[in-house]
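In: Make a model of this:
(one chain, ligands or ions: 2)
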Amino acid sequence: MALLQISEPGKSTDPHQHKLAAGIDLGTTNSLIATVRSGKAKTLPDLEGDHIMPSIVHYAKDGTVSVGKSAKLFVCSDALNTISSVKRLMGRGLKDVQKIKEFSANRLTASGTGMPAVETDCGIKNPVEVSSEILKTLVKRAEDSLEGELGGVVITVPAYFDEAQRQATKDAAQIAGVKVLRLISEPTAAALAYGLDTGSEGIHAIYDLGGGTFDISILRLEKGVFEVMSTGGDSALGGDDFDRAIAGYLVEQADIDKGDRGAYQMAMIKARDVKEALTDHDSVEINFKHWKGSMDRKLMESLIAPIVDKTLAACRRTLKDAGLKASEVQDIVMVGGSTRVPLVRQKVEDYFGKKPLTDIDPDKVVAIGAAIQADVLIGNKSDEDMLLLDVIPLSLGVETMGGLAEKIIPRNTPIPIARAQEFTTYKDGQTAMAIHVVQGERELVEDCRSLARFELRGIPPMVAGAARIKVAYQVDADGLLKVTAEETITGVKSDITVKPSYGLNDEQITTMLQSSVSHAEDDMKARMLREQQVEAKRVIEAVQAALAESGDKLLSKDERHAIEQALKQLAYISDNGDIEAIEEAIKVVDKSTEEFASRRMDASIAKALVGHEIDEI
Ligand code: ADP
Ligand code: MG
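Out: Numbering: from 1, shown residues only. Ligands and ions are numbered 1, 2, ... in the order given. Modelled structure (predicted):
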């Protein structure tokens, strides 16, 4: 007889209580939705059996909105009202997408959100709205096939998405009316899919080349726990660039006028077909406009090789960040439709020195990982056996005196994370403090990116250096930053949730990282000089305050003159001299004020004693 199962009190899981959750890969080119059923994560097909949905939205004149395959039909016939690759606009500024604007079939314009929006015959559509249509369609697909309402979803975003881009993604889900359990990065989701399915441990590289973005992540996988060691990539690099390279060739062969946008659009579509066909065939025939010809795999590879090489350069940088050699990577997980291209597989294999993993369909692996995570987060599975860590891509810091950036959370720190540091006032009686939140690796604030500024007011007046201001940085699981400043004695507090101005792209992140390496030595020197200058300024202000207070009473005219001379000299050297000279000049001021300081000390003791009984002290 089989034993009856008894569950722990309060922990019973009634099978009917199984909550519905899904993972969504909200891709630039294609989107998918997946869910865990009977312990296995599967992507969900539409009624015709297609799992992959093009991330395309069409707005018809009469107000009808179509999404996916049905929207794709309008790409050529109604290009202006058909929006593709909207993810590239998410959380960006209009000036950041100049390159996209050139190639986009849409009319891009400014919108109230600060993001570029698309002008359609149905009005102006911002990227958040457009993305919400894609989400709505996927959620409907899931709810129809699962016959129930989704309790929540996990949506994936590229590892390099900044906070504005993450926020825009969350906003889209809100408009779509679906609860976001968490945003996780695409490569992390892929690792999750593989980690559970194969149980392999060690260091993994996740190479994700989609239509519009490239992500490389270095993860350590141990006993079901993932730690992201470093991430890198480029959000403006992908299969579209292959298409562009091939389309360029076609346009040239067919002698098409450069300004002919329609023809260019057609060339892009043709190019994609050619590219995808050449994954399985050695050569294809091409009919483009009046031009008839063919392309073999070799020719295509020569056109796209520089783009593939760019991805390998990013791999090199990211491995360096993690302090690893390519040979230390145990597995390379291939993600994204573009990793089907044989040249990509070959070059990745050559670079890492081993065959990359392609067991799980590279188009579906991200959605599958997201579904597994959603299942955990909705409470269908204990989350003890799974911890999922993401990292912040650039260090987060605060501006300190002299325009220096003090790092509070270093880059590649796993999130969620909270870190605090204490600061103090610079001036006697200072009652407010300006908090300037910056992002980047450089030592000087002017070389970092400004994320936000806010003020802490109501600090009780105290002597310089006495107040204790705790500045805490909190990055939540979705990668959103909250900064709090608190004066610890009185408890006055101020905070800000950072929604940085739209528009830092990966190229900029990469440039910021590279420049931090190439400027490391200069930066250190500049930092030390600034620190010395701040110290000089502090000394000058303190001595001036003392002179104003008791210079007349305690000093002769000559003594006072000598101190003032030393201050003048220090001020000059601070602006013009090097570190050693400033240090020397500070010593001179210290020496010249020694006597004055001791007289002040005596005077203040005398003052304190007045009116007090001796035994009181
Ligand atoms: P995204 O994550 O950007 O939405 P996907 O991972 O779905 O993108 O990948 C889309 C890209 O993969 C497109 O550029 C598409 O042309 C390319 N792709 C899909 N299938 C193939 C194939 N068989 N051969 C080559 N490229 C392919
Ligand atoms: Mg993708």
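In: and the residue of the stretch 1-150 of the chain found nearest ligand 1, what is it in contact with?
Out: The nearest approach of the stretch 1-150 of the chain to ligand 1 comes at Gly27, 2.3 Å away (Cβ to the nearest ligand atom). For the C-beta atoms, the positions are set from N, CA and C on the backbone; glycine is no exception. Contacts for Gly27 (Cβ atoms under 8 Å, 6 or more residues apart in numbering) come out as 55, 87, 210-212, 366.
In: switch to 7 Å and redo it
Out: Contacts for Gly27 (Cβ atoms under 7 Å, 6 or more residues apart in numbering) come out as 55, 87, 210.
In: Now the phi/psi pair for the closest residue to the last one other than its chain neighbours, please.
Out: Read that as Gly210. Once flanking residues are discounted, Gly210 sits nearest to Gly336: 3.9 Å by Cβ to Cβ, 6 or more residues apart in numbering. Geometry field for Gly336 lists phi and psi as phi 100, psi 140, criterion degrees, to the nearest 10.
In: try Gly239
Out: As for Gly239, its main-chain torsions (degrees, to the nearest 10) stand at phi -60, psi -30.
In: Only the buried residues of the longest helix belonging to the chain, if you could.
Out: Selection of the longest helix in the chain by residue count, based on DSSP state H, yields helix 520-554. Using 16 or more other Cβ atoms under 10 Å as the test for burial, helix 520-554 gives 523, 526-527, 529-540, 542-543, 546-547, 551, 554.
In: re earlier: the residue nearest to Gly210 and Ile368: what is the separation?
Out: Distance check for Gly336 against Ile368: by Cβ to Cβ, to the nearest Å, it reads 13 Å.
In: More neighbours: which of these two?
Out: Set Gly336 next to Ile368 and count neighbours by other Cβ atoms under 10 Å: Gly336 wins out with 31 against 28.
In: so what's that one scoring on pLDDT?
Out: According to the prediction, Gly336 has pLDDT 94.
In: Could you list the low-confidence segments of the protein?
Out: Applying pLDDT under 70 to the chain flags the ranges 1-17, 99-100, 102-103, 195-200, 222-226, 381-391, 393, 478, 498-520, 607-617.
In: Please identify the residues of it in proximity to ligand 2?
Out: Counting by Cβ under 5 Å from the ion, the positions of the chain adjacent to ligand 2 are 27, 210, 336.
In: Let me have the residues you listed in a markdown table, extended by distance to Ala34.
Out: Putting these into a markdown table (distance: Cβ to Cβ, whole Å) gives the following:
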| residue | distance to Ala34 |
| --- | --- |
| Gly27 | 13 |
| Gly210 | 16 |
| Gly336 | 16 |
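In: which residue sits closest to whichever residue of the stretch 351-500 of the chain sits closest to ligand 1, ignoring its sequence neighbours?
Out: In the stretch 351-500 of the chain, the residue that lies nearest ligand 1 is Asp363 (5.2 Å; Cβ to the nearest ligand atom). With sequence-adjacent residues excluded and distances taken as Cβ to Cβ, 6+ apart, Asp363 is closest to Gly337, at 5.2 Å.
In: I'd guessed Ser145 sits against Thr43; true?
Out: No - using Cβ atoms under 7 Å, Ser145 makes no contact with Thr43, being 10.9 Å away.
In: If you count contacts, what does the longest helix of the chain end up packed against?
Out: strand 404-409, helix 557-576, helix 579-609 (3 or more Cβ pairs under 7 Å, 6 or more residues apart in numbering; DSSP states H and E).
In: With Thr156 as the reference, name the closest of those.
Out: Closest to Thr156 of the helices and strands packed on helix 520-554, according to Cβ to Cβ: strand 404-409, at 22.9 Å.
In: what's the distance between the closest one and the middle of its chain?
Out: Distance of strand 404-409 from its chain centroid, counting by Cα atoms, centre = their mean, to the nearest Å, is 17 Å.
In: Counting by contacts, list what it packs against.
Out: strand 396-400, strand 417-423, strand 469-475, helix 520-554.
In: So which elements touch the third one?
Out: If contacts are counted by 3+ Cβ pairs under 7 Å, 6+ apart, strand 469-475 sits against strand 404-409, strand 417-423, strand 481-487.
In: go with 8 Å
Out: Secondary-structure packing of strand 469-475 (3 or more Cβ pairs under 8 Å, 6 or more residues apart in numbering; DSSP states H and E): strand 396-400, strand 404-409, strand 417-423, strand 432-439, strand 481-487.
In: relative orientation of the last one and strand 469-475 in degrees?
Out: Counting by axes from the mean of the first three to the mean of the last three Cα atoms, to 10 degrees, strand 481-487 points 160 degrees away from the direction of strand 469-475.
In: Provide the strand pairings for strand 481-487, with the direction of each partner.
Out: Strands adjacent to strand 481-487 in the sheet, as given by DSSP bridges, are strand 469-475 (antiparallel), strand 493-497 (antiparallel).
In: for the residue nearest to Asp363, what are its contacts?
Out: Shown in contact with Gly337 (Cβ under 8 Å, 6+ apart): 29-30, 210-211, 239, 362-363.
In: Torsion angles phi and psi at it?
Out: Main-chain torsions, Gly337, degrees, to the nearest 10: phi -50, psi -30.
In: So which of the strands paired with strand 481-487 is nearest Glu487?
Out: Of those, nearest to Glu487 by Cβ to Cβ is strand 469-475, at 5.5 Å.
In: residues of the closest one that come out buried?
Out: For strand 469-475, by 16+ other Cβ under 10 Å, it's 469, 471, 473-475.
In: now, among those residues, which is nearest to Ser104?
Out: When the buried residues of strand 469-475 are compared for distance to Ser104 (Cβ to Cβ), Val475 wins out at 32.7 Å.
In: looking at it, that closest one is touching Ile408, isn't it?
Out: No - using Cβ atoms under 8 Å, Val475 is not in contact with Ile408, being 10.2 Å away.
In: what touches both of the two?
Out: Residues touching both Val475 and Ile408 comprise Leu396, with contact defined as Cβ under 8 Å, 6+ apart.
In: show me the contacts for the closest residue to Arg527 other than its chain neighbours.
Out: Leaving out its chain neighbours, the residue that sits closest to Arg527 by Cβ to Cβ, 6+ apart is Glu443, at 4.1 Å. Glu443 makes contacts with 404-405, 523-524, 526-527, as judged by Cβ under 8 Å, 6+ apart.
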